[in-house]
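K.L.:
Pasting a predicted model and its sequence here:
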Amino acid sequence: MVLSENGVQPREFPTNRGGLCQKGWTSDQLLTTPSRLTSPLLHGKPVTWGTALDFVVDRIERIQRNYGRDGVAVFGGGGLTNEKAYALGKFARVVLRTSQIDYNGRFCMSSAAAAGNRAFGVDRGLPFPVMDLDDADMVLLVGANPAETMPPFMQHLRSGLIVVDPRRTATAEQATLHLQPALGTDLALALGILHAVVADGHLDQDYVKARTTGFDEMWRIVAAWWPERAERVTGIAATDQRAVARMLANARNAYVLTARGTEQHANGTNAVNAWINLALALGLPGRKGSGFGCLTGQGNGQGGREHGQKADQLPGYRKIDDPDARAYVAGVWGVDPQSIPGPGRSAYELLDSLGQPHGPRGLLVFGSNPVVSAPRAAHVTDRLKALDLLVVADFVPSETAQLADVVLPVTQWAEEEGTLTNLEGRVLHRRLALRPPPGVWTDLEVLHGLADRLGVDKGFPVSAEEVFDELALASAGGIADYSGVSYSRLRAGEALYWPVPEAGHPGTPRMFLDSFAFPDGRARFVAVEHTGPAERPDAEFPLWATTGRVLAHYQSGAQTRLVPDLLDATPESFVEVHPDTAGRAGVADGELATVSSRRGAVRARVKCVSSLRPDVVFLPFHFPGVNKVTNPALDPTSRMPEFKVCAVRLDPWEDS
């Protein structure tokens, strides 16, 4: 899109084809919000930048003297540009020399990433351009509602569409077939459909033999999951499961796409691998015109997880415990490889440890609002309050910023240059459109100022292009290789999809056409079993709750709740309930209710929806309090919390 004196205007581009969602059309309103932060705050009072940074540095040095390097932690965000994500990871490991860094993308794409790495040897959300979907005859969309979360994407879903979602969403309304499984049973549904693929003669045996490994081990589990068994677990008719297998197999071009609905579970990685297994059995990945992919959740959800914000990662998607990776990146940074810390805690585990014995005593937050976005949010808020130092860099007073000792006002989207990597692995250049207000710094300037005061006077430039050049070098030879990408190529309009391993390389729009990213070139079937949610309903908490997005808001809502048009569209938290369920709970449409779990409670206005499963309630997560009820049970591989399912009770709201 383009920002002009007339506001935001759509720009013709292959991914969105000139389309914008409601949030895009109104994004210029955020630039002039009365809530904008324009001065550093120390204990809630305006101070100079020098005073604020000196205070932060003094506290960091004091904490690390008393508690060691890991006494200070860093929490980043998937909305940061590639340059900021890279600089933040470098700052943590070179300046602070702490292992305690992770980011809110752990709550978003981590299960998809882990599953992709297990099956394909690489994690790129869509290993093909979005435009390839235009020619699909059939798309299976699991746990996604793009009609509300990214409406321009719907332009690419032109033909057959199968939607798996426990809610009758706006996307499901457009589907050829809508399956509404019981919450937490996506994996069982995938097993049932895969059984039908094999049993009904749809297995692509030539593809499986030539391009994959692990089928026999996988089949030993799937063989016991005939569709009738899966029906008893999921509630999806065996005939519908067989119909899905047939529709995908008969399609000339078919795709399987997953998103947060199937990923944000304590078994989310295995669930995604189950859907990948289905795609592999049909011979879809690595074939032009077909494939498997995951839809990204944040503005830089792909790039944000490639350059060092993750607890176990170095730039280029390198593993931090790989000696060769450590040696290479240390050479770029000009430090001893032994000085780079090892893996740290994952996002929720990091937040849970704050202020605890052996946990960090200080936290720097960039581009995130964990008071609203983390599971078991009341507990996370208590942990943040227990810190000796909380620093938040933001451009609005988010709920997390309101708890901070120091708030640093930083630029937003139109006020800085940088790059983002979209859901298809294409690197995008975002130009500076207008100067920030006086008193506002870029995140790169903040990191430079802190690094300089902490004794590292080189290696943290404030120019985004300089940072990107170093990022490109640091990524060279890694899985996510940007070494052939440059600002000059991006400014010239080149469409560069990583990997781009050298300056003359055209990029890689379609991955896996010749081989997958394992030494033998084969994709892996992964043997996975259905286990179900981490907690179950009982007499006290008889309903399932799930969370998700709505059209008008984004992420924690800290930004979109400040845009009048968006707040008018969805002004408060609500809970979708089946009318029969509402009646049994003693609440009615439009009334306030309390949704309670074993961890906490939230007030929400009842919205009766007859298409919802009677055993399910739905809450949008853009409002404070919603994540008080969600379950922090973690996926053992990705460390993703189980946002998408927990046991709750619905009661009339009692105003005390």
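P.N.:
Sure thing, it's come through.

K.L.:
Low-confidence bits of the stretch 101-250 of the chain, can you list those?
P.N.:
Using pLDDT under 70 as the threshold, the predicted model of the stretch 101-250 of the chain has no low-confidence range.

K.L.:
What ranges does it have for its strands?
P.N.:
When assigned using DSSP state E, counting those that start in this stretch, the strands of the stretch 101-250 of the chain occupy the ranges 101-103, 138-142, 160-164, 177-179, 212-213.

K.L.:
Find the one among those with the highest mean neighbour count.
P.N.:
For those, ranked by mean neighbour count under the definition mean count of other Cβ atoms under 10 Å, the leader is strand 101-103 at a mean of 30. Where you see a C-beta, it was placed from the backbone N, CA and C, and this is true even at glycine.

K.L.:
Please dump the strands of the stretch 101-250 of the chain into CSV; it should also carry distance to Arg62 for every row.
P.N.:
Compiled in CSV, the strands of the stretch 101-250 of the chain are given as follows (distance: least, Cβ to Cβ, whole Å):
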stretch, distance to Arg62
strand 101-103, 20
strand 138-142, 49
strand 160-164, 52
strand 177-179, 56
strand 212-213, 54
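
K.L.:
can you tell me which of those comes nearest to Thr419?
P.N.:
Comparing the strands of the stretch 101-250 of the chain against Thr419 with Cβ to Cβ, the closest turns out to be strand 101-103 (17.1 Å).

K.L.:
Can you spell out which helices and strands pack onto the closest one?
P.N.:
Under the contact criterion of 3 or more Cβ pairs under 8 Å, 6 or more residues apart in numbering; DSSP states H and E, the helices and strands touching strand 101-103 comprise strand 72-76, helix 82-90, helix 347-353.

K.L.:
and the ones you listed as TSV, adding distance to Lys310 and mean pLDDT?
P.N.:
Formatted as TSV, the helices and strands packed on strand 101-103 follow (distance: least, Cβ to Cβ, whole Å; pLDDT from 0 to 100):
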stretch	distance to Lys310	mean pLDDT
strand 72-76	9	99
helix 82-90	8	98
helix 347-353	9	99
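
K.L.:
Of these, which is nearest Ser110?
P.N.:
Taking Cβ to Cβ, helix 347-353 is the member of the helices and strands packed on strand 101-103 nearest to Ser110, at 8.4 Å.

K.L.:
now the strands for the stretch 401-550 of the chain?
P.N.:
With DSSP E, counting those that start in this stretch as the definition, the stretch 401-550 of the chain shows strands at residue ranges 406-409, 418-421, 427-430, 523-524, 543-548.

K.L.:
if we can go back for a sec, wait, which of the strands of the stretch 101-250 of the chain is closest to Pro571?
P.N.:
Each of these has some distance to Pro571 by Cβ to Cβ; the shortest is strand 160-164, at 28.1 Å.

K.L.:
I'd like to check the angle between the closest one and strand 138-142, please.
P.N.:
Here the directions of strand 160-164 and strand 138-142 differ by 20 degrees (axes from the mean of the first three to the mean of the last three Cα atoms, to 10 degrees).

K.L.:
related to what we said a few turns ago, select, out of the strands of the stretch 101-250 of the chain, the one closest to Ser556.
P.N.:
Taking Cβ to Cβ, strand 101-103 is the member of these nearest to Ser556, at 13.8 Å.

K.L.:
domain parsing for the chain?
P.N.:
The chain breaks down by automatic domain parsing into domains covering 52-107+302-491, 110-295, 543-652.

K.L.:
Same list, the strands of the stretch 401-550 of the chain, but as CSV with mean neighbour count and distance to Ile193 please.
P.N.:
Written out in CSV, the entries for the strands of the stretch 401-550 of the chain read as follows (neighbours: other Cβ atoms under 10 Å; distance: least, Cβ to Cβ, whole Å):
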stretch, mean neighbour count, distance to Ile193
strand 406-409, 26, 49
strand 418-421, 25, 31
strand 427-430, 20, 35
strand 523-524, 26, 18
strand 543-548, 24, 21
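
K.L.:
Can you add distance to His379 and mean pLDDT and give those back as CSV?
P.N.:
Output for the strands of the stretch 401-550 of the chain, formatted as CSV (distance: least, Cβ to Cβ, whole Å; pLDDT from 0 to 100):
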stretch, distance to His379, mean pLDDT
strand 406-409, 23, 99
strand 418-421, 32, 98
strand 427-430, 36, 97
strand 523-524, 37, 99
strand 543-548, 17, 96
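
K.L.:
Tell me which of those approaches Thr400 most closely.
P.N.:
Among the strands of the stretch 401-550 of the chain, the nearest to Thr400 by Cβ to Cβ is strand 406-409 (9.5 Å).

K.L.:
Turn the domains of the chain into TSV, including distance to Thr32.
P.N.:
Putting the domains of the chain into TSV (distance: least, Cβ to Cβ, whole Å) gives the following:
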stretch	distance to Thr32
domain 52-107+302-491	10
domain 110-295	25
domain 543-652	10
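
K.L.:
and Gln22, which of the ones you listed is closest to it?
P.N.:
Shortest distance between Gln22 and the domains of the chain, using Cβ to Cβ, is found for domain 543-652: 5.9 Å.

K.L.:
Would you map the strands across the stretch 251-400 of the chain?
P.N.:
If you assign secondary structure with DSSP E, counting those that start in this stretch, the strands in the stretch 251-400 of the chain sit at 254-258, 291-294, 313-314, 318-319, 362-366, 389-394.

K.L.:
Touching the third one from outside, list them.
P.N.:
What it means is strand 313-314. Residues lying outside strand 313-314 but in contact with it, judged by Cβ atoms under 8 Å, 6 or more residues apart in numbering, are Gly89, Arg305, Gly308, Lys319, Ile320, Ala325, Arg326, Val329, Ile340, Ala474.

K.L.:
ok, 10 Å please
P.N.:
89-90, 93, 101-102, 305-308, 319-322, 325-326, 328-330, 332-333, 340, 343, 474-475, 478 (Cβ atoms under 10 Å, 6 or more residues apart in numbering).

K.L.:
Emit the ChimeraX select command for whichever of those residues are buried.
P.N.:
Here is the ChimeraX command that selects only those of these that count as buried (16 or more other Cβ atoms under 10 Å):
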select :89,90,93,101,102,305,306,307,308,319,320,325,326,328,329,330,332,333,340,474,475,478
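
K.L.:
what's the closest non-adjacent residue to Ala593?
P.N.:
Ranked by Cβ to Cβ, 6 or more residues apart in numbering and with sequence neighbours excluded, the top spatial neighbour of Ala593 is Val587, at 4.6 Å.

K.L.:
what's the answer for Ala330, then?
P.N.:
Distances taken as Cβ to Cβ, 6+ apart put Pro337 closest to Ala330, at 4.1 Å, once the chain neighbours are dropped.

K.L.:
Next: Gly116.
P.N.:
For Gly116, the spatially nearest residue (Cβ to Cβ, 6+ apart) is Asp123, at 4.1 Å.
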